[in-house]
Structure formats: structure tokens, C-alpha cells
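Asks: can you look at this prediction? I've put the sequence above it.
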Amino acid sequence: MNFKAVFHVDELEKWRLLLNNVANLMAEVEGSLKIVVVANSVAVEEYVAEAFAGNLGKMESLAEQGVQFVACQNALRAHNVEQDGLPQFVQIVPAGVYELVRLQHEGYAYLKP
Amino acid sequence: MNFKAVFHVDELEKWRLLLNNVANLMAEVEGSLKIVVVANSVAVEEYVAEAFAGNLGKMESLAEQGVQFVACQNALRAHNVEQDGLPQFVQIVPAGVYELVRLQHEGYAYLKP
Amino acid sequence: MNFKAVFHVDELEKWRLLLNNVANLMAEVEGSLKIVVVANSVAVEEYVAEAFAGNLGKMESLAEQGVQFVACQNALRAHNVEQDGLPQFVQIVPAGVYELVRLQHEGYAYLKP
């Protein structure tokens, strides 16, 4: 079976749990696995969090292993996060919710830690 | 692609974010889009919230644009919300969770802001 | 229609609402219904909660009616919950998120109360 999962995060406090969930999923799946993490609302701020406080190191490591991190442009604007300040591994989409629906329509499972 | 999404809300504090999510999705989808919002647990109280505090104006505007708002009858009973007091655009179903499962089985994507 | 639903819980405070949701779904569905409850993160502690404080009685009754309760082994380890202390009706899986994705790929609807 080809595993496909999209994780949704819209609260800063949920990032740590989400990243653990992602790592646990990767450790368990043998064979094909696609993971997308969609951040909207205030959760996009984690992408520009101070290194010592945030989860950026873990994200970067997961991104190198193929996890796709996505930021909602509506949320970036609403929370005054500069696009230029985002890490290179983060992909910007016009609307996070659009991605969440589109990916489910393409067969991705939805997870909201 | 025909977009179909069901939003689930069971906490009062999540209504504002949910309604923003709905509006952002509608702004992004070109072509066919169906959206249902299912409220259960304490979240049904927002349907009878005081106008100055609540999100009813936004809901009404979204309902006029085709969004279907649903209230769980179990939740109305548990939280002493009179059915007669609900806005006309709100549809009552016996169990919100039933709708959430049924709609996903009909191909709706699930979102829990 | 064959109803299939997987409920996800990763917070202790959500157990009561989740169990109500499960009961409401069972009361509404006529015909075939499969329900799985996947607990990960701190939520696994509820499986060993003190009887007077917890929801174990309700869980046991639902399990007797066919609901499958699952505990994530990663979470048991992280929260120092002994496997031997779990009720007999709880099934242990290596990773809760894996089950959540797998079941959705098998057509289960996802619910996160």
C-alpha cells in the first residue's frame, strides 16, 4: 500500500507533537510514503521561530528525508510573517485549507495532532 | 475537480478560525465547491450567541453563498439550546458525528480547525 | 452503506466527548458499523486511569458492543504506561499514526473530537 498523509497544524503548541507523529509514522511505514505538513493560522509563526525555542532543526531534518512543509499565504499575511524569512524547505501556497482538501481528494489521509 | 469539504467544530473558540478557513477556501476554489459545517458539543451555542459577540453575521453571509450549516440535535439537547431559537439557515440533524462520517463516505474532505 | 469511523484522541480532556460521540454514532447508524478509537500521546494514560476519575467503565461497555480501542506503543513508552496494566479490551499497535493512516486508506472516516 502507498501511504499518503497530510498533517494539519494551526496552533503553535501542537508542533512538537506533530513532528513526533511524523517521525513515528516514517519509522513504521515500509515502502512508499508521502507526507505533507500544512501549517495555517498562527502555526506558521513556528517557521520563523527563534532557533533555541523552536522545532526548526527537526523540521529541516524531516524535510531532508522527504517531508513537504507548507505555509498558508493567508496566514503569513495575517500574522505578519515575512516570506523572505521562511526556511528554504517551506513551500508557500495561497490557502492552506485548499491544500488540505485537494490532498484528501487525491487520497491523502488527514491527521490533526 | 469537484471540491467537497466538511468542517467540524465542537469548541466555541474555534468558530472564528473556522469561518475564516471557510472563506479562504471559497476564495481559492474555482469551479464546483460544496461546504458543510457541522457543529456539535458546546459549539452549537454559537448559533444562538448574542449578535455583538458572535459570528452569526458572517455565518449568514456564508450561508447565502451556499455553505450549509448543521447543528447536532444531541448537542442542542445537552446544552439546552432551543431549536426554535436557531437561525433559519441552520439545519438540524439527529447526530453530528453521523453526518461527519456519512459525508466523508460520500467523498467530502474533513477539516478540524 | 457500511459505516466505518476511526476516532483519534491525543488529549486526556477529550476522552469524555469522544466516548459520547462514539455512543451517539452507534445510536444513529442502522446496519453495518465499524468503530476504532486510536489513542496516542498523553491520551493513552486514560486506559490506566483510576476507576473513579476515568472513563474506563464506558469504554468497556462500548468494547463489548464491538468498538475497538487501540493504544500507541510509542505513547505508552513515552508516558511510562505499563502494557501489563492495560485493560484486556485494548489492542496495542506500534504506532498510532500508522493505524490512523492505514484505516483511512481502507475507507474509514476520520474524526477528531
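Replies: Yep, it's here. Residues are numbered from 1 along each chain as shown, chains lettered A, B, ... in the order given.
Asks: and whichever strand or helix holds A:M26, what's buried?
Replies: Using DSSP states H and E, A:M26 sits within helix A:15-28. For helix A:15-28, the buried set under the neighbour-count rule, 16 or more other Cβ atoms under 10 Å in any protein chain shown, comprises A:15, A:17-26, A:28. All C-beta atoms are positioned from the backbone trio N, CA, C, and that covers glycine.
Asks: packing partners of it?
Replies: strand A:3-9, strand A:33-39, helix A:56-64, helix C:96-105 (3 or more Cβ pairs under 8 Å, 6 or more residues apart in numbering or on different chains; DSSP states H and E).
Asks: from C:L12, how far off is the residue of chain A found nearest chain B?
Replies: Proximity of chain A to chain B (Cβ to the nearest Cβ) peaks at A:Q104, 3.7 Å away. As judged by Cβ to Cβ, to the nearest Å, A:Q104 and C:L12 stand 28 Å apart.
Asks: out of these two, which sits in the busier spot?
Replies: It is A:Q104, of A:Q104 and C:L12, that has more neighbours when counted by other Cβ atoms under 10 Å in any protein chain shown, with 24 against 17.
Asks: just put the helices and strands packed on helix A:15-28 in TSV and tack on mean pLDDT.
Replies: As requested, the helices and strands packed on helix A:15-28 are exported to TSV (pLDDT from 0 to 100):
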stretch	mean pLDDT
strand A:3-9	98
strand A:33-39	98
helix A:56-64	96
helix C:96-105	98
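Asks: and of those, who's closest to B:G54?
Replies: strand A:3-9 (25.1 Å; Cβ to Cβ).
Asks: show me what the closest one is packed up against.
Replies: In terms of contacts (3+ Cβ pairs under 8 Å, 6+ apart), strand A:3-9 is packed against helix A:15-28, strand A:33-39, helix A:96-105, strand A:109-111, helix C:96-105.
Asks: tell me how far the residue nearest the centre of chain A lies from chain C.
Replies: Centroid-nearest residue in chain A: A:V37, 2.4 Å away (criterion: Cα atoms, centre = their mean). Distance of A:V37 to chain C, computed by Cβ to the nearest Cβ, to the nearest Å: 13 Å.
Asks: please name the residues that touch that residue.
Replies: By Cβ atoms under 8 Å, 6 or more residues apart in numbering or on different chains, A:V37 lies in contact with A:6-7, A:9, A:18, A:22, A:67-70.
Asks: repeat the analysis, applying 10 Å as the threshold.
Replies: Counting by Cβ atoms under 10 Å, 6 or more residues apart in numbering or on different chains, A:V37 touches A:5-9, A:15, A:18-19, A:21-22, A:43, A:59, A:62-63, A:67-71, A:90, A:111.
Asks: what number of residues lie near the residue of chain A found nearest chain C?
Replies: Residue of chain A nearest chain C, by Cβ to the nearest Cβ: A:A109 (3.7 Å). Neighbourhood size, A:A109 [other Cβ under 10 Å]: 23.
Asks: show me the contacts for the closest residue to it other than its chain neighbours.
Replies: Excluding its sequence neighbours, the residue lying closest to A:A109 (Cβ to Cβ, 6 or more residues apart in numbering or on different chains) is C:Q104, at 3.7 Å. With contacts taken as Cβ under 10 Å, 6+ apart, C:Q104 has the following neighbours: A:3-5, A:104, A:107-111, B:104, B:110, C:4, C:6, C:110.
Asks: and for A:A109?
Replies: Counted by Cβ under 10 Å, 6+ apart, A:A109 has contacts A:3-7, A:25, A:103, B:110, C:6, C:97, C:100-105, C:108, C:110.
Asks: circling back: buried members of the contacts of C:Q104 into PyMOL, please.
Replies: With 16+ other Cβ under 10 Å as the criterion, this PyMOL line picks the buried residues out of the contacts of C:Q104:
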select buried, (chain A and resi 3+4+5+104+108+109+110+111) or (chain B and resi 104+110) or (chain C and resi 4+6+110)
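Asks: and the contacts of C:Q104 as a markdown table, adding distance to B:N55?
Replies: Below are the contacts of C:Q104 laid out as a markdown table (distance: Cβ to Cβ, whole Å):
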| residue | distance to B:N55 |
| --- | --- |
| A:F3 | 37 |
| A:K4 | 33 |
| A:A5 | 31 |
| A:Q104 | 25 |
| A:G107 | 33 |
| A:Y108 | 29 |
| A:A109 | 30 |
| A:Y110 | 24 |
| A:L111 | 27 |
| B:Q104 | 25 |
| B:Y110 | 21 |
| C:K4 | 33 |
| C:V6 | 30 |
| C:Y110 | 25 |
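Asks: report how many residues lie close to the nearest residue to A:P94 once chain neighbours are set aside.
Replies: Closest residue in space to A:P94, ignoring its immediate chain neighbours: A:Q73 at 5.2 Å, by Cβ to Cβ, 6+ apart. Here the count is done by other Cβ under 10 Å, and A:Q73 has 18 residues near it.
Asks: was I right about A:Q73 contacting A:V90?
Replies: No. Applying Cβ atoms under 10 Å, one finds A:Q73 not in contact with A:V90, separated by 11.3 Å.
Asks: so what sits against both of the two?
Replies: Taking Cβ under 10 Å, 6+ apart as the criterion, A:Q73 and A:V90 both touch A:44, A:83.
Asks: quick revisit: closest to A:G54 out of the contacts of C:Q104?
Replies: Closest approach to A:G54 among those (Cβ to Cβ): A:L111, at 21.0 Å.
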